[in-house]
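K.L.:
quick check, what structure comes out for this input:
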Amino acid sequence: MEATGVCGIEVATRGLVGRPGSDFPPQLDSPDRLEVFDHVSGCCSEEIRGETPGREDSPLDLNNAELDPGGGAGSMKDQKGFGKEVILLMQALNTLASPEEKLAALCKKYADSLDESRSMQRQLKVLQKKQSQIVKEKIHLQGEHSKAILARSKLESLCRELQRHNKTLKEENTQRSREYEERRKEATLHFQMTLNEIEVQMEQHNAHNTKLRQENMELAQKLRKLIEQYELREEHIDKVFKHKELQQQLVDTKLQRTAELMREVEEKQQRERDFLLKDASESRHKCELMKEQETQLKQQLSLYMDKFEEFQTTLAKSNEVFTTFRQEMEKMTKKIKKLEKETTLWRNKWENNSQALLQMAEEKTVRDKHYKALQGKLERLEKLCRALQKERNDLTTKLGDLQDASKKPEAEETGPPDPQPSHNPSQDERSIPGREEAQPIASPELEPELTSCTAE
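P.N.:
I've put the predicted structure just below:
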C-alpha cells in the first residue's frame with residue numbers, strides 16, 4: 001500500500017512539477033503553484049475531516065488556465081490530465097492510514113520537486129543567456145541587414161549614375177563617329193576632285209604628247225630626206241673631183257704630146273677655152289645655187305632648233321606639273337597617315353572605315369604605278385631628245401665639212417685656166433654622172449626609240 005501510495009504521489013506530483021514535453025519548466029515559487037500546494041494541503045485537511053476531494057467545485061479546476069501559459073484547446077486537455085493526476089494523488093494519500101504519513105509523503109515529494117525546480121531554474125538561466133545572445137545576434141543581423149539595404153540603395157544610385165554616364169558616352173561616341181564620317185567624306189571628295197583634275201591634266205598632256213610625237217615623226221622623216229640628199233651630193237661631188245683628176249691627168253699627157261703640135265691646135269685651144277669659160281660660168285652658177293640651198297637648209301635647221309626648244313619648254317612644264325602632282329600626293333599621304341592614326345584608336349569599333357581606308361591605299365598604289373610608268377615615258381622622251389640633239393650636232397658638222405669642201409673647188413676655179421686639148425664636150429658631159437633621186441634611208445640609231453614611242 002505504501003509503495004502504491006508513493007507511486008501514486010509521484011504520478012500526481014509529476015503533473016505539479018510540469019508536463020512532460022513542455023519547453024518551459026514550472027515556476028514553483030509562483031503564486032499559482034503555491035495556491036496548488038495550498039489546495040493540496042486543504043484537500044488533505046478535508047480528507048482528514050471526511051470530505052471527498054476531486055469535486056467539480058474544487059478550486060483546482062479554476063487554476064488550470066493559469067498553469068498552462070499556451071491556453072486554448074490544448075490547455076483544456078492539460079486541465080483534464082492535471083485533474084486526473086490530483087485525483088490519483090488523493091487516492092494514493094487516502095490509502096495511507098495516518099495523516100503524519102500523508103504529510104511525510106507530501107513533504108518528501110515537495111523536497112524532490114524543489115530540487116527539480118532548482119535544476120530547472122538553472123537550465124532556465126542558461127537558456128535565458130542563450131536567448132540574450134540570440135537577441136544580440138538578431139540585433140546585429142538586423143543592423144547588418146539595414147547596412148546591406150543602405151549599400152543596396154547606394155549601389156542602385158551608382159548603377160543609375162553609371163547608366164547615365166554610359167548614355168552620355170554613347171551620345172559622345174555617336175557624335176564623334178558622325179564627325180569622323182563627315183571628315184572622311186570631305187577627304188574622299190577632295191581626293192576624288194584632285195584625282196579628276198589630275199586625270200584631265202594627264203589627258204591634255206597625252207594629247208599634246210601625241211601631237212609632239214607626230215611632229216617628231218615628221219621632223220625625223222625630213223631629216224632622213226636631208227641626210228639622203230647630203231649623201232647623194234657628197235657622192236656627186238666625189239665623182240666630180242675624180243672626173244677632174246682624170247681630166248688633169250689626161251691634160252698632162254696631152255701637153256707632152258701636143259708640145260710639137262702647138263701651132264696646129266691653137267685654134268682648138270681657143271675653142272676649148274671658150275668651152276671651159278662656159279663650163280666655169282655654169283659651175284659658178286651651180287655653186288651659187290648650192291649656197292642658196294645651204295642658206296635654206298640653215299633656216300630649216302634654225303626652225304628645227306626653235307621647235308626643239310619649244311619641245312624642251314613643254315617638257316619642263318610637264319615636269320613642273322608632275323612636281324605639283326608629287327606635292328599633292330605627299331600631302332594626301334600625310335592626310336592618310338593622320339587618318340590611319342585616328343583609326344587605330346577606333347579600329348575595334350569601326351572596321352568598315354578601316355576597309356575603306358585600305359581601298360584608298362590600294363588606289364594610291366595603282367596611281368603610284370601609273371606615275372612610275374609616266375616617269376619611264378618621260379625618260380624615254382628625254383633619251384629621244386638627246387638622240388635628236390646628237391643627230392643635229394652630226395648634221396651641223398657635216399654641213400661645216402660640206403662648206404669647206406665647196407670652198408676648195410671655188411678657189412681652184414678662180415685660178416688661171418690651163419691649156420687643155422680639144423675633145424668632144426658632149427662626151428665629157430656624158431661622162432659626168434647625173435643626179436640621182438633621193439631615196440629615204442632610215443638612221444639605225446633613231447629607229448628603236450621611234451618605234452618604242454609609237455608603241456606607247
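
K.L.:
give me the domain ranges for this structure.
P.N.:
2-97, 195-256+271-455 (automatic domain parsing).

K.L.:
burial check on residue 306, number of neighbours?
P.N.:
10 (other CB atoms under 10 Å). C-betas here are computed from N, CA, C, even on glycine.

K.L.:
next SSE after the helix or strand hosting it?
P.N.:
Take DSSP states H and E as the rule and residue 306 turns out to sit in helix 266-345. Going down the chain from helix 266-345, the next helix or strand is helix 351-414, by DSSP H and E.

K.L.:
ok and that next one relative to helix 266-345, angle-wise?
P.N.:
170 degrees (axes from the mean of the first three to the mean of the last three CA atoms, to 10 degrees).

K.L.:
state the mean pLDDT of helix 351-414.
P.N.:
Taken as a whole, helix 351-414 has an average pLDDT of 85.

K.L.:
give me the helices and strands touching it, please.
P.N.:
helix 99-257, helix 266-345, helix 447-455 (3 or more CB pairs under 8 Å, 6 or more residues apart in numbering; DSSP states H and E).

K.L.:
got those as a markdown table, with mean pLDDT columns?
P.N.:
Listed next are the helices and strands packed on helix 351-414 as a markdown table, based on pLDDT from 0 to 100:
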| stretch | mean pLDDT |
| --- | --- |
| helix 99-257 | 88 |
| helix 266-345 | 82 |
| helix 447-455 | 54 |
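
K.L.:
now these as JSON lines including distance to residue 405?
P.N.:
As requested, these are exported to JSON lines (distance: least, CB to CB, whole Å):
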{"stretch": "helix 99-257", "distance to residue 405": "6"}
{"stretch": "helix 266-345", "distance to residue 405": "10"}
{"stretch": "helix 447-455", "distance to residue 405": "29"}
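
K.L.:
those helices: which one's closest to residue 368?
P.N.:
helix 266-345 (7.9 Å; CB to CB).

K.L.:
may I see the buried residues of stretch 373-387?
P.N.:
Neighbour counts over stretch 373-387 (16 or more other CB atoms under 10 Å) mark 374, 381, 384-385, 387 as buried.

K.L.:
which one of those sits closest to residue 282?
P.N.:
residue 387 (40.6 Å).

K.L.:
ok, the closest one to residue 92 distance?
P.N.:
Distance of residue 387 to residue 92, computed by CB to CB, to the nearest Å: 154 Å.

K.L.:
one more: residue 155?
P.N.:
Taking CB to CB, one finds residue 155 at 71 Å from residue 92.

K.L.:
more neighbours, these two?
P.N.:
The neighbour comparison of residue 155 against residue 92 (other CB under 10 Å) goes to residue 92, with 22 against 10.

K.L.:
ok so, going back, and the two most separated of the buried residues of stretch 373-387?
P.N.:
Pairwise over the buried residues of stretch 373-387, using CB to CB, the maximum falls at 374 and 387, 20.4 Å.

K.L.:
residues contacting residue 361?
P.N.:
residue 336 (CB atoms under 8 Å, 6 or more residues apart in numbering).

K.L.:
picking that back up, out of the helices and strands packed on helix 351-414, nearest to residue 406?
P.N.:
helix 266-345 (6.1 Å).

K.L.:
just give me the neighbour total for residue 120.
P.N.:
19.

K.L.:
just residue 180 next, same as before
P.N.:
Other residues close to residue 180 by other CB under 10 Å number 16.

K.L.:
wait, it sits on residue 339?
P.N.:
No. Residue 180 is beyond contact range of residue 339, at 9.0 Å (criterion: CB atoms under 8 Å).

K.L.:
just the CA atoms of stretch 399-413, as CSV, please.
P.N.:
Extracted as CSV, the C-alpha positions of stretch 399-413 are listed here (Å, rounded to 0.1, in the frame of the first residue of the first chain):
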residue,chain,number,x,y,z
LEU,A,399,77.4,71.0,-143.1
GLY,A,400,80.6,72.5,-142.0
ASP,A,401,82.5,69.8,-143.9
LEU,A,402,80.4,70.4,-147.0
GLN,A,403,81.0,74.2,-146.7
ASP,A,404,84.8,73.6,-146.5
ALA,A,405,84.6,71.2,-149.5
SER,A,406,82.6,73.7,-151.6
LYS,A,407,85.1,76.5,-150.8
LYS,A,408,88.0,74.4,-152.1
PRO,A,409,86.7,74.0,-155.7
GLU,A,410,85.8,77.7,-155.8
ALA,A,411,89.4,78.5,-155.0
GLU,A,412,90.6,76.2,-157.8
GLU,A,413,88.1,77.6,-160.3
